[in-house]
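K.L.:
generate coordinates for the sequence data below:
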Amino acid sequence: MNFLATEELRYIVVHEATSVMVGGAAMRETMALFGTGLTVVTGMSGDGPVGFTLQAFSSLSLEPPLISLNVARSSSSWPRIVESGRFVVNVLAEGQDDLALTFGTRGTDRFGEVEWTRGSSGLPHLPGCMAWIECNLVATYEGGDHLIAVGSVRDLIEGTTRRPLIFFDREFRKLQ
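P.N.:
Below is the predicted model of the structure:
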C-alpha cells in the first residue's frame, strides 16, 4: 500500500491492482447498463478549437469545487487540451445526439461541422447545452487505459433546458 500526499488532498491510499479474470468485453457489456449523461469536452490549442465526447464525467468536490473526467489514453484531442490547461465541459441536452456523434468520431473536422461560440474565457461553447462548466486542469492520474483528470471549476453557466441527453445500453435515451 502506498500513500500519496499533495497540498490540496491530505492522503490518498493507493492499493496495488490485482489481476482478475474479468475481460474488457465483459466489462464493456456490464458498464453499458449504467445510464449516464453525455458531455463534450472542449478547449483551445495552438491549432484552434478541439473537443471530444465524454461519458465519464462527475462532480468530485464542492469545497473546493472540483470535477473529474476519465479520458481514454488513446484520445488525440486530450493532449491538445492539456497544453492550455483549461477546458469546458459542455453538458449535452436532449436532442443533441448529433453533437455526441460528431465529437465521438475520429478523423473528422469536428468544429467544421457544428456551430460554436467563445465563452467569456475564450473557450469553445457548444450552443443549446444544459450547462457549461469551465475548468483549469489541476491534476492527472493514471487509471489503467484511461487518465483521471481533475478540474478546478472557474465558472458555471446554466442553459435554458433541463432535459438531459441520456446514454444507456449503447443508445441515446429520453427521460419519460
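
K.L.:
quick check: Val88 vs Ala32, distance?
P.N.:
27 Å (CB to CB, to the nearest Å). For every residue, glycine as well, the C-beta is placed using N, CA and C.

K.L.:
okay, helices next: where are they in this protein?
P.N.:
24-31, 78-84, 97-103 (DSSP state H).

K.L.:
need the pLDDT of Val14.
P.N.:
Per-residue confidence (pLDDT) for Val14: 58.

K.L.:
tell me where the model's unsure across this protein.
P.N.:
1-20, 31, 33 (pLDDT under 70).

K.L.:
if we go to 90?
P.N.:
Across the chain, the ranges flagged by pLDDT under 90 are 1-36, 107-108, 113, 120, 161, 168-170, 173-176.

K.L.:
quick one: the strands in it?
P.N.:
With DSSP state E as the criterion, the chain has strands at 2-4, 12-14, 36-37, 39-45, 48-54, 57-61, 66-72, 86-91, 117-118, 124-125, 131-143, 146-158, 166-168, 171-173.

K.L.:
to Leu99, which of the ones you listed lies closest?
P.N.:
strand 39-45 (6.0 Å; CB to CB).

K.L.:
packing partners of that closest one?
P.N.:
With contacts defined as 3 or more CB pairs under 8 Å, 6 or more residues apart in numbering; DSSP states H and E, the packing partners of strand 39-45 are strand 48-54, helix 78-84, strand 86-91, helix 97-103, strand 124-125.

K.L.:
ok, now with 7 Å
P.N.:
Where contact means 3 or more CB pairs under 7 Å, 6 or more residues apart in numbering; DSSP states H and E, strand 39-45 is packed against strand 48-54, helix 78-84, strand 86-91.

K.L.:
format those as TSV; extra columns: mean neighbour count.
P.N.:
As requested, those are arranged in TSV below (neighbours: other CB atoms under 10 Å):
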stretch	mean neighbour count
strand 48-54	21
helix 78-84	18
strand 86-91	25
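
K.L.:
which of those sits closest to Gly143?
P.N.:
helix 78-84 (13.1 Å).

K.L.:
so how far is that closest one from its chain's centroid?
P.N.:
Centroid separation between helix 78-84 and its chain, computed with CA atoms, centre = their mean, to the nearest Å, is 13 Å.

K.L.:
show residues contacting that helix.
P.N.:
Helix 78-84 is contacted by residues Val41, Gly43, Met44, Ser45, Val50, Phe52, Val71, Phe87, Leu137 when judged by CB atoms under 7 Å, 6 or more residues apart in numbering.
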